[in-house]
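Peer 1: fold the following for me, if possible:
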Amino acid sequence: MPALPRAQYGLQELHLFPYYQTREDYREKTGHDAPPWNPNRPPKAWEDLKAIDSPRRNVVYDSVIAYAKNGAPLVDASGRPMLDVLVLTKEEAASVNIPPKGPNVSNIAGADVVEIPPPLRPLEPSEELCMPFFGVVAVRNRDFMPLEPGFNQNDRSLLKAIAQKLGVA
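Peer 2: Numbers count the residues shown, from 1 in each chain. Okay, the predicted model is just below:
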C-alpha cells in the first residue's frame, strides 16, 4: 500500500488486520460476539484468522510497535518509535481478548496489562514513525509537501496542466 497523500496520519493506516475498539465494535464489524474476556491473557483487539491454519505452533509478525511494561512506546536514539518482532501461538493470533468497556465498567481484572500490539505493514520509503504527542505514535510522509496558505490543490493542478502543455513537466 503506498504512502497516503497526507503529511501525517494515524498508525491504524499501517495495521495488517482490523482493530476493534470495543466488544460492541467487534460484534458490529464481524457479526459475531467477541469471545468472553479472559483476565489471564493480555488484552488483544485484532485477530489473524488465517493463523489457525498455520502448520507451525507459533506465528511471527515482523513489525509491531515496541512498548515498555508501562505501555509507553519505546523510542530509539533519534526519538522515533521502535519496531519489534511479535511471536504468538497460532491460537492467540487467531483470537481477540477485548475487555468490557463503557459506563459502569471499571477495575476489570487483567485489563491493566499492556495490550498485544497489532502487526503493521512495512513502511514505504517515504514513511517514518513519529510521536507528535507524548505516547502517541503516528506516521509521517516525508515526501508530502503541505500546501501553503492560500495555495490549494486546484492551483497545483492548474500549474501542472500548464507545465505539461509547455512540455516542461
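Peer 1: I figured residue 115 hits residue 46, correct?
Peer 2: No. At 9.5 Å, residue 115 does not count as touching residue 46 under the criterion of Cβ atoms under 8 Å. Bear in mind the C-beta positions are built from the backbone N, C-alpha and C, glycine included.
Peer 1: overlap in contacts, these two.
Peer 2: Counting by Cβ atoms under 8 Å, 6 or more residues apart in numbering, residue 115 and residue 46 have no common neighbour.
Peer 1: skipping adjacent residues, who's closest to residue 72 in space?
Peer 2: Spatial nearest neighbour of residue 72, excluding adjacent residues (Cβ to Cβ, 6 or more residues apart in numbering): residue 135 at 5.7 Å.
Peer 1: revised request: answer the last question for residue 62.
Peer 2: Nearest to residue 62 is residue 85, by Cβ to Cβ, 6+ apart, at 6.0 Å.
Peer 1: could you measure that neighbour against residue 120, distance?
Peer 2: As defined by Cβ to Cβ, to the nearest Å, residue 85 lies at a distance of 11 Å from residue 120.
Peer 1: CA-only coordinates of the helix or strand bottoming out on mean pLDDT in the chain, as CSV, when you get a sec.
Peer 2: Lowest by mean pLDDT, DSSP states H and E among the helices and strands of the chain is helix 153-166, with a mean of 82. C-alpha atoms of helix 153-166 as CSV (Å, rounded to 0.1, in the frame of the first residue of the first chain):
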residue,chain,number,x,y,z
GLN,A,153,-5.0,21.7,-4.8
ASN,A,154,-6.8,23.3,-7.7
ASP,A,155,-3.9,25.8,-8.1
ARG,A,156,-1.4,22.9,-8.0
SER,A,157,-3.4,21.0,-10.7
LEU,A,158,-3.6,24.1,-12.9
LEU,A,159,0.2,24.7,-12.7
LYS,A,160,0.8,21.0,-13.5
ALA,A,161,-1.5,21.2,-16.6
ILE,A,162,0.3,24.4,-17.8
ALA,A,163,3.7,22.8,-17.3
GLN,A,164,2.6,19.7,-19.3
LYS,A,165,1.2,21.9,-22.1
LEU,A,166,4.5,23.7,-22.2
